[in-house]
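> Let's see this in three dimensions:
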Amino acid sequence: MGSACSSVYRNHGYVPTDEDLAMVEVGKTVREDLPQLIGRPSSAGLLEGSAWYYVGSRWEYYGARPPVEIDRQVVAVSFGETGVVENVERFGLEKGQVVVLSRRVTDTSIKGVGLVRQLLGSIGRVTAGQLVD
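Predicted structure coming up:
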């Protein structure tokens, strides 16, 4: 009798928790405060002039087969011209569509949706359709 295989799950990258993000005040917190509050994006994320993108994924390892990425999230924190946080958004994928999982905004126009699609794009297929809100 062989030994039974069971899945092992590992997280890669870094996405702030909702509890950590609650410390970021839209309209008050400035870019310089973020490293102490929620950290800087890991190597999987991006530091862009107008936003910081945090990317985290969950992988399933099972026996000898190659690992499979089963979930990926992107948290986007965007800034106004003075460096004050304007938007805090969490994105994920549902049936291949980019979906907003949570959002706190001063401005409802979404910036960087194309970039969010790229950051989420390597898990499954992200369609070029509209962002599901």
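> Going by C-alpha atoms from here, please, whenever you check contacts or count neighbours.
Fine.
> What helix or strand is Asp20 located in?
Element membership of Asp20 [criterion: DSSP states H and E] is helix 18-21.
> ok, Arg103 - contacts?
Asn87, Val88, Glu89, Arg90 (Cα atoms under 8 Å, 6 or more residues apart in numbering).
> ok, now with 10 Å
Residues near Arg103 by Cα atoms under 10 Å, 6 or more residues apart in numbering: Val75, Ala76, Asn87, Val88, Glu89, Arg90, Phe91, Asp133.
> count of residues packed around Asp33?
Other residues within reach of Asp33, judged by other Cα atoms under 10 Å, total 13.
> From here on, call the first residue 117.
In the new count, where the first residue is 117, that last one comes out as Asp149.
> Would you state the helices of the protein in chain order?
Under the criterion DSSP state H, the chain contains helices at 134-137, 150-153, 229-236.
> and Pro183, which of the ones you listed is closest to it?
Among the helices of the chain, the nearest to Pro183 by Cα to Cα is helix 229-236 (17.3 Å).
> Who does the residue nearest the centre of the chain form a beta bridge with?
With distances taken as Cα atoms, centre = their mean, Val190 lies nearest the centre of the chain, 1.2 Å away. For Val190, the beta-bridge partners under DSSP bridges are Val171, Phe207.
> quick one: it from Tyr170, how far?
Val190 sits 6 Å away from Tyr170 when distances are taken as Cα to Cα, to the nearest Å.
> which residues are common contacts for those two?
Tyr130, Val131, Pro132, Gly161, Arg206, Leu235.
> That's all I had, so thanks and see you.
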